[in-house]
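S.K.: Generate a structure from the sequence data that follows.
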Amino acid sequence: MAMGGAKRAWLAFVNHSLNHVTRALARWGHGPFSIIRTIGRKSGRTFEAPLILARAPGGFVAELTYGPEVNWYRNTLHGGSVVLHRRREYRVVEVGPCSVDQGLRAFGPPASVILKLLRRREFRMLTTDPAPD
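M.R.: Sure thing, here's the model as predicted:
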């Protein structure tokens with residue numbers, strides 16, 4: 001599915017403004033942010049995207065705020081992704097489905113309440129090696 005112009009413009013704004021701040025917070029290892037490092041499908045370049053992930057048995061749950069068209073997700077499906085969470089690296093070995101109920105449970109309150117109010121329904125399980133503590 002193609003991404004609309006307004007959505008593309010919003011993602012460009014987020015990428016060039018907020019992402020710089022949230023990446024710094026994720027590297028610091030405090031707060032809710034993690035980084036997913038991917039290799040571009042076409043360019044072969046390394047990219048980093050800040051995300052809010054929830055720990056789950058065997059890995060992390062990601063909520064696809066902007067849908068499955070975003071580059072970090074598509075690059076992760078292509079392979080070669082690493083999650084930086086609390087200053088530790090975890091190699092993503094599989095991306096799988098995650099039900100809405102499982103996703104909300106993984107995030108827990110108050111995040112799950114906010115995600116429910118925002119009607120977020122796209123969650124994915126990122127299985128990692130090693131699994132998070």
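S.K.: how about residue 35, secondary structure?
M.R.: strand (DSSP: H, G, I helix; E, B strand; the rest coil).
S.K.: just the strands in this protein please.
M.R.: With DSSP state E as the criterion, the chain has strands at 33-39, 46-56, 59-63, 82-85, 88-98, 123-129.
S.K.: hmm, who's touching the second one?
M.R.: Applying Cβ atoms under 8 Å, 6 or more residues apart in numbering, the set of residues contacting strand 46-56 from outside is 19, 22-23, 25-26, 32-40, 60-63, 70-72, 75, 83, 85, 102-103, 106-108, 111, 125-126, 132. (C-beta placed from N, C-alpha, C; glycine too.)
S.K.: and residue 119, how many neighbours?
M.R.: Number of residues near residue 119 (other Cβ atoms under 10 Å) recorded here: 7.
S.K.: for residue 85, same thing?
M.R.: Look at residue 85: counted by other Cβ under 10 Å, it has 21 neighbours.
S.K.: can you check residue 91 too?
M.R.: Residue 91 - counted by other Cβ under 10 Å - has 12 other residues nearby.
S.K.: which residues touch it?
M.R.: Counted by Cβ under 8 Å, 6+ apart, residue 91 has contacts 81, 82, 128, 129.
S.K.: Mind pulling up the pLDDT for the third one?
M.R.: Residue 128 is assigned a predicted lDDT (pLDDT) of 97.
S.K.: The residue nearest the centre of the chain bridge partners, please.
M.R.: Nearest to the mean C-alpha position of the chain, by Cα atoms, centre = their mean, lies residue 51 at 4.3 Å. With DSSP bridges applied, residue 51 shows beta-bridge pairing to residue 34.
S.K.: In the chain, where is pLDDT below threshold?
M.R.: 1-3, 11, 14-16 (pLDDT under 70).
S.K.: neighbour-wise, which of the contacts of residue 91 leads?
M.R.: residue 81 (23 neighbours).
S.K.: Look up how far residue 74 lies from the residue lying closest to that residue once chain neighbours are set aside.
M.R.: Residue nearest to residue 81 in three dimensions, not counting chain neighbours: residue 92, with 4.1 Å by Cβ to Cβ, 6 or more residues apart in numbering. Note on residue 92: its distance to residue 74, by Cβ to Cβ, to the nearest Å, is 13 Å.
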